[in-house]
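return atomic coordinates for the entry below.
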Amino acid sequence: MDLQSTYHEPVMLSECLDGLNIRPDGIYVDVTFGGGGHSRAILEKLTTGRLLVFDQDPDAMANAEAFRQNPCFTFIAANFRHLKRYLRLNKAEKVDGILGDLGVSSHQINTPVRGFSTRFDADLDMRMNPHNEKTAQEVLNTRSVAQLQKILGMYGEVHNAKTAAEAIFSARHGNPIQTINELKDILMRYAPKHRENKYFAQVFQALRIEVNDELAVLEEFLMQVPEVLNPEGRLVVMSYHSLEDRLVKNFIQKGKFDGEVEKDFYGNEIKPMRGITRKPIEATPEEVARNPRARSAKLRIAEMPALKA
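Residues are numbered from 1 along each chain as shown. Below you'll find the predicted structure:
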């Protein structure tokens with residue numbers, strides 16, 4: 001099977017490229033390589049520049065083989081929470097632009113054995129890096145009711161998180177919960193009528209975020225960005241749900257994830273970057289019709305300040 005063909009079509013490709021403001025001799029980072037759609041387009045704009053890409057998924061590593069002959073290309077098999085460390089190891093301490101296309105890829109969703117999708121029955125896995133120990137099975141079968149309620153309520157915004165957590169806790173005492181269909185059978189009676197698919201999508205989102213530590217990864221990544229970007233370097237981030245978008249928005253607007261922006265003695269805001277876009281960019285109706293995954297995408301762009309003369 002051609003892995004590239006099973007990956008998602010890159011969302012808002014031209015908007016991402018415009019946001020990066022690519023120079024042919026610049027150094028750029030794609031922290032979510034996946035099928036390489038965005039990376040391919042960046043490489044086409046480089047002459048003597050470099051593109052360093054991150055991905056922890058072995059399937060994405062296989063995709064990188066098609067790029068390895070390009071002298072501008074460097075693949076880093078790691079989670080992007082380690083951005084600064086791996087850029088330093090690859091002699092790219094400072095870069096001109098960073099792209100992040102967050103969330104789960106269509107390839108991961110459409111591969112039944114990965115356990116990301118409610119459409120297939122498979123083991124409850126949900127690991128973006130199959131070498132990590134924590135799986136959705138482990139979360140469902142070992143966490144307390146209070147912990148499960150917090151995961152479902154906070155990460156999935158599940159309206160009846162306490163009831164669902166109690167149902168999971170009760171059901172697992174007979175036999176451990178191992179498969180997608182087992183979990184759906186347990187929760188079906190609590191899913192709103194005619195909105196079952198949305199309900200299960202929220203439950204699965206919550207479990208996926210917990211298994212992969214996604215929000216902590218995003219926070220750690222964002223905190224490192226100002227340390228590695230050159231003056232006037234760009235950050236371009238695409239998120240697919242409100243929890244991610246809120247973190248990105250707050251970091252760009254305030255330089256932190258909650259509370260108010262800090263100010264100096266003169267009332268000037270203290271934050272490392274400035275937003276290029278006041279509101280997030282969204283896909284056009286034409287793109288959404290062609291690529292349904294783009295419907296929920298929100299793109300934010302930020303820039304480091306220029307060097308003072």
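
which residues of the chain fall in strands?
Secondary structure of the chain (DSSP state E): strands at 27-30, 50-54, 73-76, 95-101, 229-239, 262-263, 269-270, 274-275, 298-303.

now distance to Asp213 too, for the ones you listed, in a markdown table please.
For every residue, glycine as well, the C-beta is placed using N, CA and C. Converted to a markdown table, the strands of the chain look like this (distance: least, CB to CB, whole Å):
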| stretch | distance to Asp213 |
| --- | --- |
| strand 27-30 | 20 |
| strand 50-54 | 15 |
| strand 73-76 | 19 |
| strand 95-101 | 16 |
| strand 229-239 | 16 |
| strand 262-263 | 27 |
| strand 269-270 | 28 |
| strand 274-275 | 26 |
| strand 298-303 | 21 |
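
those strands: which one's closest to His194?
strand 298-303 (27.0 Å; CB to CB).

re the thing from before, quickly, which of the strands of the chain bottoms out on average pLDDT?
Within the strands of the chain, confidence is poorest for strand 269-270, with a mean of 84 (mean pLDDT).

grab the nearest non-local neighbour of Lys271.
Gly255 (3.4 Å; CB to CB, 6 or more residues apart in numbering).

where are the low-confidence patches of this protein?
Scanning the chain for pLDDT under 70 picks out 1-8, 104-119, 309.

enumerate every residue touching the residue nearest to Lys271.
Val261, Glu262, Ile270, Lys271, Pro272, Met273 (CB atoms under 8 Å, 6 or more residues apart in numbering).

now rank these by neighbours and give me the top one.
Met273 (21 neighbours; other CB atoms under 10 Å).

that residue and Ile252, how far apart?
6 Å (CB to CB, to the nearest Å).

could the contacts of Gly255 go into JSON lines alongside distance to Glu182?
As requested, those are exported to JSON lines (distance: CB to CB, whole Å):
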{"residue": "Val261", "distance to Glu182": "47"}
{"residue": "Glu262", "distance to Glu182": "49"}
{"residue": "Ile270", "distance to Glu182": "51"}
{"residue": "Lys271", "distance to Glu182": "47"}
{"residue": "Pro272", "distance to Glu182": "46"}
{"residue": "Met273", "distance to Glu182": "45"}
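
pick the one among those residues closest to Leu89.
Of these, the one sitting nearest to Leu89 (CB to CB) turns out to be Pro272, at 23.3 Å.

setting aside sequence neighbours, what's the nearest residue to that closest one?
Pro226 (3.7 Å).

surely that neighbour meets Lys271?
No. Using CB atoms under 8 Å, Pro226 is not in contact with Lys271, being 9.1 Å away.

closest to the centroid, which residue in this structure?
Leu102 (2.2 Å; CA atoms, centre = their mean).

check contacts around that one.
Counting by CB under 8 Å, 6+ apart, Leu102 has contacts Thr32, Glu214, Leu218, Val237, Met238, Ser239, Tyr240, Glu244.

could you rerun that using 6 Å?
Ser239, Glu244 (CB atoms under 6 Å, 6 or more residues apart in numbering).

what do you get for Asn250?
With contact set as CB under 6 Å, 6+ apart, Asn250 has these partners: Phe257.

how much space between it and Leu307?
26 Å.

could you list the domains of this protein?
Domain assignment for the chain by automatic domain parsing gives 3-106+214-303, 115-212.

for the protein, longest helix please?
Determined from DSSP state H, the single longest helix within the chain is helix 196-212.

may I see the buried residues of that helix?
Using 16 or more other CB atoms under 10 Å as the test for burial, helix 196-212 gives 199-200, 202-212.

Ile252 versus the closest residue to Leu299 other than its chain neighbours, what's the distance?
Leaving aside its sequence neighbours, Leu299 sits nearest to Ile281 (CB to CB, 6+ apart; 4.1 Å). Distance, Ile281 to Ile252, using CB to CB: 13 Å.

tell me which of those two has more neighbours.
Ile252 (23 against 19).

state the distance from the more buried one to Phe221.
13 Å.

what do you get for Asp125?
From Asp125 to Phe221 the distance is 23 Å (CB to CB).

look at these two and report which has more neighbours.
Each of Asp125 and Phe221 has its neighbours counted (other CB under 10 Å); Phe221 has more, 24 against 17.

next up, the contacts around the residue nearest to that one when sequence neighbours are not counted.
Spatially, and ignoring its direct neighbours in sequence, Phe221 is nearest to Phe80 (5.2 Å; CB to CB, 6+ apart). Contacts of Phe80 were listed using CB under 6 Å, 6+ apart, and they are Val31, Phe54, Phe221.

ok, the second one touching Ile76?
Yes. Here Phe54 reaches Ile76: they are 4.9 Å apart, a contact under CB atoms under 6 Å.

how much space is there between the spatially closest residue to Leu207 that is not a sequence neighbour and Phe257?
Once flanking residues are discounted, Leu207 sits nearest to Ala136: 4.6 Å by CB to CB, 6+ apart. Noted for Ala136: a distance of 26 Å to Phe257, by CB to CB.
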